[in-house]
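Engineer: all I have is the shape, not the residue letters:
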């Protein structure tokens, strides 16, 4: 089945910038997108665990005070992607 990009999404918060595309499978955060180096206390344990898996797999790598996506990552929704990014 061919993946079609339905919508391009951009998020800019402070010095972080992230890009994603909505596909027929979900939201794909693109390589080079930023993610915060600091997680908030309000981040759920499920998102904390998923973020750690992304770090452990090399999909998120620390660059200075923030992380960068080194691989495209599929999320089920924009809010799930945003939880990991900010």
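Structural biologist: Received the coordinates, thanks. Being a predicted model, the structure only gives us computed values, none of them experimental. Numbers count the residues shown, from 1 in each chain.

Engineer: what mean pLDDT does the biggest helix by length in the chain have?
Structural biologist: In the chain, taking DSSP state H as the definition, the longest helix is helix 45-57. Helix 45-57 carries an average pLDDT of 96.

Engineer: tell me the first helix or strand C-terminal of it.
Structural biologist: For helix 45-57, the succeeding helix or strand toward the C-terminus, using DSSP states H and E, is strand 60-63.

Engineer: buried set for that following strand?
Structural biologist: Neighbour counts over strand 60-63 (16 or more other C-beta atoms under 10 Å) mark residue 60 as buried. For glycine as for every other residue, the C-beta is placed from the backbone atoms N, C-alpha and C.

Engineer: and if you look at stretch 16-31?
Structural biologist: Buried, per 16+ other C-beta under 10 Å, within stretch 16-31: 16, 18, 19, 20, 21, 22, 26, 27, 28, 29.

Engineer: residue 60 against residue 68, yeah?
Structural biologist: Yes - if you go by C-beta atoms under 8 Å, residue 60 and residue 68 touch, sitting 7.2 Å apart.

Engineer: tell me, what's touching the two both at once?
Structural biologist: Shared contacts of residue 60 and residue 68, defined by C-beta atoms under 8 Å, 6 or more residues apart in numbering, are found at residue 35.

Engineer: tally of neighbours for the nearest residue to residue 66 once chain neighbours are set aside?
Structural biologist: The shortest distance from residue 66 to any non-neighbouring residue, by C-beta to C-beta, 6 or more residues apart in numbering, is to residue 37 (4.7 Å). Neighbours of residue 37 under the rule other C-beta atoms under 10 Å: 12.

Engineer: mind listing the strands in the protein by residue range?
Structural biologist: Ranges of strands in the chain, per DSSP state E, are 7-13, 16-22, 27-29, 34-36, 60-63, 66-69, 73-75.
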